[in-house]
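Q: structure, please.
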Amino acid sequence: MSELSNHNITDYDLIDGCIAGERRSQELMYQRFSPKMYAVCLRYANNADDAQDLLQEGFIKIFRNLTKFRKEGSFEGWVRRVFVNTAIEHYRRKVNLNSLSESEEKTIEDKSWNVLDHLAEKDIIQLVQEIAPGYRSVFNLYVIEGYSHKEIGTLLGISEGTSKSQLARAKSILQKKVQEFMNKKNPSLTRP
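A: Presented below is the predicted three-dimensional model:
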């Protein structure tokens, strides 16, 4: 297998090689998936060092649990799910999401929002990293990963309403951060 490049080997070949303990297969799997999974980790981490820790932890879980992948569906999707769950577990241990009462939930509006359309991906990641971990987790799970509020509530141990309010707060905070960023980048955009 060592004479083959990463592009000539299927995901299933890599899986079989990793299960057999082949070091080269492990290296190739890491090379194939680490750039995309690092991007996932960055969305949940406070900084690049934390993202690297999540990346390492995620790959350890991948290699330990490859036999659980049933070769049904997308392997990349399965890998991504492991990394998202790793990030959630990591931040669930560190962050306490405050549950809100129903009256508090109703006071938070979810306004239409498209300000991120005008920013580069690296700028968006930087701004998302600046919001509190609880808000960031809900934002990532809902907006990027596509989970429902009910699913987020189950994953994070919060109510569906708290998930909705955390998302609304995250969007509100991000809107302000985006406006500040845009004003710094182009002072002529500053409103009177």
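
Q: what is the least confident helix or strand in this protein?
A: One helix or strand of the chain scores below all others by mean pLDDT, DSSP states H and E: helix 102-106, with a mean of 46.

Q: buried residues of the following helix or strand past that one, list them for me.
A: Downstream of helix 102-106, the next assigned helix or strand under DSSP states H and E is helix 121-129. Using 16 or more other C-beta atoms under 10 Å as the test for burial, helix 121-129 gives 124-125, 127-129. All C-beta spots, glycine's among them, are computed from the backbone N, C-alpha and C.

Q: what is the burial count for S137?
A: A count of neighbours around S137, defined by other C-beta atoms under 10 Å, yields 28.

Q: against which helices or strands is the host helix or strand of it packed?
A: With elements taken from DSSP H and E, the one containing S137 is helix 133-139. On a contact count with 3 or more C-beta pairs under 8 Å, 6 or more residues apart in numbering; DSSP states H and E, helix 133-139 meets helix 23-44, helix 75-94, helix 121-129, helix 149-156, helix 160-185.

Q: circling back: adding pLDDT and distance to Q31, write the buried residues of helix 121-129 out as JSON lines.
A: Below are the buried residues of helix 121-129 laid out as JSON lines (pLDDT from 0 to 100; distance: C-beta to C-beta, whole Å):
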{"residue": "I124", "pLDDT": "72", "distance to Q31": "26"}
{"residue": "I125", "pLDDT": "76", "distance to Q31": "22"}
{"residue": "L127", "pLDDT": "80", "distance to Q31": "29"}
{"residue": "V128", "pLDDT": "81", "distance to Q31": "26"}
{"residue": "Q129", "pLDDT": "81", "distance to Q31": "25"}
